[in-house]
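# Structure for the following, please:
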Amino acid sequence: MNFGAKALQVLKTVAPTLATAVGGPFGALASVAISAALGTPAGDPKAAETALLTATPETLLALRKAEQDFTVRMKELGISEEKLIFDDIANARGREIALKDNTPAILAYTITVGFFGTLGFMLWFGKPAIGGDALLVMLGSLGTAWAGVVAYYFGSSSGSARKDATISDIAKQT
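Numbers count the residues shown, from 1 in each chain. Down below sits the predicted model:
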C-alpha cells in the first residue's frame, strides 16, 4: 500500500511495525491487517488512506490491536521486528544498487557538508541575533540526518549487532 505523508505518519504513530512492514516483503500481510482494522476493502490504498486520516479513537485502537496480532503472527512465522527493519534497509540499498542511483550519496554528502558547515559557522561566528534559533533547529535536524547517514552507510552498533543475529538466524532457517 502507498500512503500519503499524513496517513503514513498516523500509521507510524499508531502501528509502527505495520508501517515498516508495508514497504517491505511482508507488505501484503501488513496491508490485509491494516484494511481489516480500518474496515476497508483489502487492496484499496485510497480507502485505507482516507480511513487513516479520518480515524476515530475506536479505529485507532483496532489498528493498534491489528499491530499486536501482526507481531504475534510474525513471531509465529519466526520473523522478528528486527528482520522487518533489516529487510526495509536492504530493500533501500538494493534499489540504490539496481538502479545505480546516486541520490543517496548526493544527499549524504549534502547533509554532511550542511551539518559541519553550519556547526563551523556557529562555532566561528556564534549564534546570530536574527534567525539564530532557526539556525539551531536546522543544526539539530542536520545532526539527526547525519546520524542517519552514518547508520545507513556504516550501520549502528546496536543495529549491527541485531543485524548480525538476524542474519545468523536466517542462515540457520535455510
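
# Local confidence estimate at the residue nearest the centre of the chain?
Central residue of the chain (Cα atoms, centre = their mean): Thr20, 5.9 Å from the mean position. For Thr20, the pLDDT comes out at 77.

# and Leu84, what pLDDT?
For Leu84, the predicted pLDDT is 60.

# no wait, Lys163
pLDDT at Lys163 comes out at 55.

# any idea how far Phe70 is from Gly27?
12 Å (Cβ to Cβ, to the nearest Å). Placement of C-beta: from N, CA and C, glycine included.

# who's in contact with the nearest residue in space to Phe70 that is not next to it in sequence?
In this structure, Phe70 finds its nearest non-sequential neighbour in Ala33, 4.8 Å apart by Cβ to Cβ, 6 or more residues apart in numbering. Counting by Cβ atoms under 8 Å, 6 or more residues apart in numbering, Ala33 makes contact with Leu18, Ala66, Glu67, Asp69, Phe70.

# And the contacts of the helix or strand where Ala108 lies?
If you go by DSSP states H and E, Ala108 is part of helix 103-125. With contacts defined as Cβ under 8 Å, 6+ apart, helix 103-125 is touched by 92, 96, 135-136, 138-139, 142-143, 145-146, 149, 152-153.
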